[in-house]
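In: quick one: sequence and predicted model below, then my questions.
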Amino acid sequence: MAEPTPQQSGHVLDKDYTYERYDQAYYQSVLSNERYLSHRWRLRWVEECLRPQAGERIVDLGCGAGLVAKYLASRGAIVHGVDLSEVAIQVARMANKDSPANTFQQGDARSCADLADVSFDKACSIDVTEHCGCEVMVGIFGEAYRLIRPGGLYMIYTPNPYHWIERARRLRLLPAKPEHTGLRSAETIIEALRRCGFEIVRRIQPPSMIPVVQWLEKLWSVQPILPQLGVYRVVVLARKPRR
């Protein structure tokens, strides 16, 4: 099933979003990630940062195939996922069939007009910002700020462009990910979050999940020469200030 064009779906064109890549096959491959160590590693940091509680309402901006929403529901949270891809929403609903309180809608995560201000306790965008342009990213951050209550947390998790794996991709030593058009540094993401009004609670610099290699990465990341080679992901936890 082909994805709709920007004109058909009613959102403004994002020149950095590879519309044609997000088909059924893509999201089925994302679903397969649930079996892999990389997904368990992702969920470790989701748990560490968001610490989901029973009954909390969490908005997942860029929910993709719904695997993070599925995990949050297993911890008792109630998740509403938004994604630009209609196929993603279909797959997310299927993946969350045993979590009926979770809801999903196709739409632009920059503008969720049907969702009320401060209607969520927390928000997340997990493996999202690498797929979009900078203005779109800032728009998503602004919408997260609108949607969560004062004191609410917002988590960003995205590949670190300076990690050795990403450098190897650029050198064609590892398979490229053409859909990753928006890899950005932690500093760029933090600056954008602050522009939207967030305060930064934590910046985590995790190594990869690869056994043995992760210990070498930890050691590398604390020395002065290109330390970001050992930092696998940009993980930032922000908070909407209490006013």
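Out: Structure's in. What do you need? Numbering: from 1, shown residues only.
In: any low-confidence regions in this structure?
Out: Low-confidence segments of the chain (pLDDT under 70): 1-11.
In: run through the helices of this structure in chain order.
Out: Using DSSP state H, the helices found in the chain span residues 6-9, 24-32, 37-50, 67-74, 86-95, 134-147, 164-170, 186-195, 213-221.
In: so which of the ones you listed gets nearest V201?
Out: V201 lies closest, by CB to CB, to one member of the helices of the chain: helix 37-50, at 8.4 Å. C-beta coordinates here come from the backbone N, C-alpha and C atoms, glycine included.
In: who are the packing partners of that closest one?
Out: helix 67-74, strand 120-126, strand 148-159, strand 199-204, strand 233-239 (3 or more CB pairs under 8 Å, 6 or more residues apart in numbering; DSSP states H and E).
In: go again with 7 Å.
Out: Judged by 3 or more CB pairs under 7 Å, 6 or more residues apart in numbering; DSSP states H and E, helix 37-50 is in contact with helix 67-74, strand 120-126, strand 148-159, strand 233-239.
In: wait, which of the ones you listed is closest to A176?
Out: That would be strand 148-159 among these, by CB to CB, at 12.4 Å.
In: from the chain's centroid, how far away is the closest one?
Out: 10 Å (CA atoms, centre = their mean, to the nearest Å).
In: partners of it in the sheet?
Out: strand 120-126 (parallel), strand 233-239 (antiparallel) (DSSP bridges).
In: buried residues of that strand, list them for me.
Out: Judged by neighbour count using 16 or more other CB atoms under 10 Å, the buried positions of strand 148-159 are I148, G152, L153, Y154, M155, I156, Y157, T158, P159.
In: now those residues in JSON lines, with distance to N96?
Out: Below are those laid out as JSON lines (distance: CB to CB, whole Å):
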{"residue": "I148", "distance to N96": "21"}
{"residue": "G152", "distance to N96": "22"}
{"residue": "L153", "distance to N96": "22"}
{"residue": "Y154", "distance to N96": "21"}
{"residue": "M155", "distance to N96": "19"}
{"residue": "I156", "distance to N96": "22"}
{"residue": "Y157", "distance to N96": "19"}
{"residue": "T158", "distance to N96": "23"}
{"residue": "P159", "distance to N96": "25"}
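In: with that, I have no additional questions.
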